[in-house]
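sequence unknown, structure follows:
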């Protein structure tokens with residue numbers, strides 16, 4: 001049975017809103033900005049420190065700020081803070097926090113490299129959300145971004161994510177083989193959520209049937225249907 005959903009997304013596709021509604025319908029915990037707060041707590045730094053290093057590559061790639069999570073402007077940080085909490089620390093701490101969240105179960109985790117950190121976690125359902133450029137610009141302008149700002153964010157953030165995933169996981173982004181579903185959010189939030197829930201429930205039923213028919217073959221568990 002699925003107890004964790006990871007929601008990876010193109011920037012501007014509306015995934016944060018969709019994940020929030022999904023968690024409400026399921027009665028599960030949402031790990032979105034809460035994840036930033038928890039990483040900061042574990043690392044003993046401010047949330048602003050975490051936001052500056054959220055899934056970005058440091059060193060020669062320091063200009064790639066707020067990679068997966070980026071939705072706010074960079075803030076100033078003293079050199080001592082940067083030395084205390086860098087991208088490597090973000091990845092290590094993020095993995096630890098996500099593993100603990102997954103162990104507790106009944107949660108929806110947005111971005112932050114979750115499908116990579118939890119790719120071997122049993123009972124995890126992975127979703128990737130994308131949208132046409134026009135749809136992403138529309139969604140961003142609805143939440144107050146100017147047309148110019150929305151275009152700049154759409155053009156840069158996903159490019160930064162590609163570099164981050166290649167650097168830390170040696171993979172192409174998005175890694176299609178990780179996901180159970182890849183959905184175009186232009187079909188509307190309700191349709192996206194219904195598709196996710198219906199597919200999850202269908203795979204759970206199929207897995208239960210397989211386990212009944214072949215009780216001695218653990219490879220028939222849900223995760224084999226990716």
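Good, I have the coordinates. Everything quoted here is computed from the prediction, not taken from an experiment.

Could you find the closest non-adjacent residue to residue 123?
For residue 123, ignoring the flanking residues on the chain, the nearest one in space by Cβ to Cβ, 6 or more residues apart in numbering is residue 3 at 4.5 Å. Backbone N, C-alpha and C define where each C-beta goes, glycine included.

likewise residue 8?
The shortest distance from residue 8 to any non-neighbouring residue, by Cβ to Cβ, 6+ apart, is to residue 128 (4.8 Å).

In this structure that neighbour contacts residue 181, no?
Yes: applying Cβ atoms under 8 Å as the test, residue 128 and residue 181 come out as touching, 7.2 Å apart.

Between those two, which is the more surrounded one?
residue 128 (22 against 14; other Cβ atoms under 10 Å).

quick one, what contacts the closest residue to residue 124 other than its chain neighbours?
Nearest non-adjacent residue to residue 124, counting by Cβ to Cβ, 6+ apart: residue 4, 4.4 Å away. Contacts for residue 4 (Cβ atoms under 8 Å, 6 or more residues apart in numbering) come out as 101-102, 105-109, 118, 121, 123-125.

Could you tell me what pLDDT the model assigned to residue 217?
On pLDDT, residue 217 comes in at 35.

if I read this right, residue 181 contacts residue 193, doesn't it?
No: applying Cβ under 8 Å, one finds residue 181 not in contact with residue 193, separated by 11.4 Å.

need the next SSE after the helix or strand of the chain with the lowest mean pLDDT, C-terminal direction.
Lowest by mean pLDDT, DSSP states H and E among the helices and strands of the chain is helix 79-84, with a mean of 47. Stepping forward along the backbone from helix 79-84, the first helix or strand reached (DSSP states H and E) is helix 87-104.

which of the residues in that next one are buried?
87, 89-91, 93-95, 97-98, 101-102 (16 or more other Cβ atoms under 10 Å).

swap in stretch 110-127?
For stretch 110-127, by 16+ other Cβ under 10 Å, it's 110-119, 121, 124-127.

Which residues are in contact with the residue nearest to residue 123?
Residue 3 neighbours (Cβ under 8 Å, 6+ apart): 105-107, 123-124.
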